[in-house]
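Engineer: next input, structure requested:
(one chain, ligands or ions: 1)
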Amino acid sequence: MSDLDRVRQRLAASQRLAVLTGAGISAESGVPTFRGPGGLWCNHRAEDLATPEAFHRDPKLVWEWYNMRRTALVGVQPNPGHHALAVMQEKLPGFNLVTQNVDGLHAVAGNSDPVEIHGNIWKVRCTACHAITGDHRVPIPTPPSCAACGALLRPHIVWFGESLDSDVLERAFAAFEYCDVALIVGTSGVVQPAASLADLARRRGAFVVEVNLEPTPATGVVDVALHGRAGEILPQLLPG
Ligand code: OAD
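Structural biologist: Coordinates of the predicted model:
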């Protein structure tokens, strides 16, 4: 039996499916990844742009970077990989989607309630009253201020050195602790805690599948590694 057939068979029998996605799933929509050739962290220093210290030092510079990323996302559409995950949510029981992506494309594709562990680029958070609001302005006037209290707004994104929201983290860990099949899609698996989810699922007895262009640190712990483009592989995994 081919690896693809094994995965299809496991998915068809699954009662609780957990999916983790990273930047690779949006690559075919034209969104740059973080690492590898052309990745955002190849041309920019994370410590200058994606840390609380960087924002404290120069909020305008940080907002300009997020404005650049928001501008690049205008008109970007989900690809067949995103759509396949939306169909899985519709057809398979116990579906949970955890994403490291902040682009919001899973929701646009139709996934309801994805667990966005690193936040969402289309949301802003007040640095004083902590109110979180949706904000689709492109560009956002920099630096923007809170409509409720007038204080400085920041992107609703988890930066390096910051903790993840505890409720969000709990949902992510629960999804992988109690799943029977785990799909790890388009992530380099080097950023914690997301990087530990494949191993957690495996230790709890789940059948773990990686979908990635290339081997990653997770490849050694998964049951099946499918190497190729997520937009081509995921549609082939859909139940008939
Ligand atoms: P990375 O840029 O680290 O990794 C992207 C992964 O996607 C790589 O393993 C690629 O091989 C794979 N890939 C690229 N194109 C693909 C395709 N078409 N199909 C399948 N796989 C493909 O991105 P992440 O792992 O998501 O955090 O990075 C994790 C976190 O690091 C991000 O959420 C971000 C970053 O710093 C924050 O901003 C907090």
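
Engineer: just the terminal-to-terminal distance for stretch 144-159.
Structural biologist: 18 Å (C-alpha to C-alpha, to the nearest Å).

Engineer: buried stuff in it?
Structural biologist: 144, 146, 153-159 (16 or more other C-beta atoms under 10 Å). (Glycine included, C-beta is placed from N, CA and C.)

Engineer: for these, give me JSON lines that also has pLDDT, distance to the ligand and secondary structure.
Structural biologist: Shown next, in JSON lines, are the buried residues of stretch 144-159 (pLDDT from 0 to 100; distance: C-beta to the nearest ligand atom, whole Å; DSSP: H, G, I helix; E, B strand; the rest coil):
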{"residue": "144", "pLDDT": "96", "distance to the ligand": "20", "secondary structure": "coil"}
{"residue": "146", "pLDDT": "97", "distance to the ligand": "23", "secondary structure": "coil"}
{"residue": "153", "pLDDT": "98", "distance to the ligand": "18", "secondary structure": "strand"}
{"residue": "154", "pLDDT": "98", "distance to the ligand": "13", "secondary structure": "strand"}
{"residue": "155", "pLDDT": "98", "distance to the ligand": "10", "secondary structure": "strand"}
{"residue": "156", "pLDDT": "98", "distance to the ligand": "12", "secondary structure": "strand"}
{"residue": "157", "pLDDT": "97", "distance to the ligand": "6", "secondary structure": "strand"}
{"residue": "158", "pLDDT": "97", "distance to the ligand": "5", "secondary structure": "coil"}
{"residue": "159", "pLDDT": "96", "distance to the ligand": "6", "secondary structure": "coil"}
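
Engineer: just give me the closest of those to residue 127.
Structural biologist: Here the nearest of these to residue 127, counting by C-beta to C-beta, is residue 154; it sits at 5.5 Å.

Engineer: walk me through the domains of this protein.
Structural biologist: Per automatic domain parsing, the structural domains of the chain span 3-31+78-118+163-237, 34-75+119-157.
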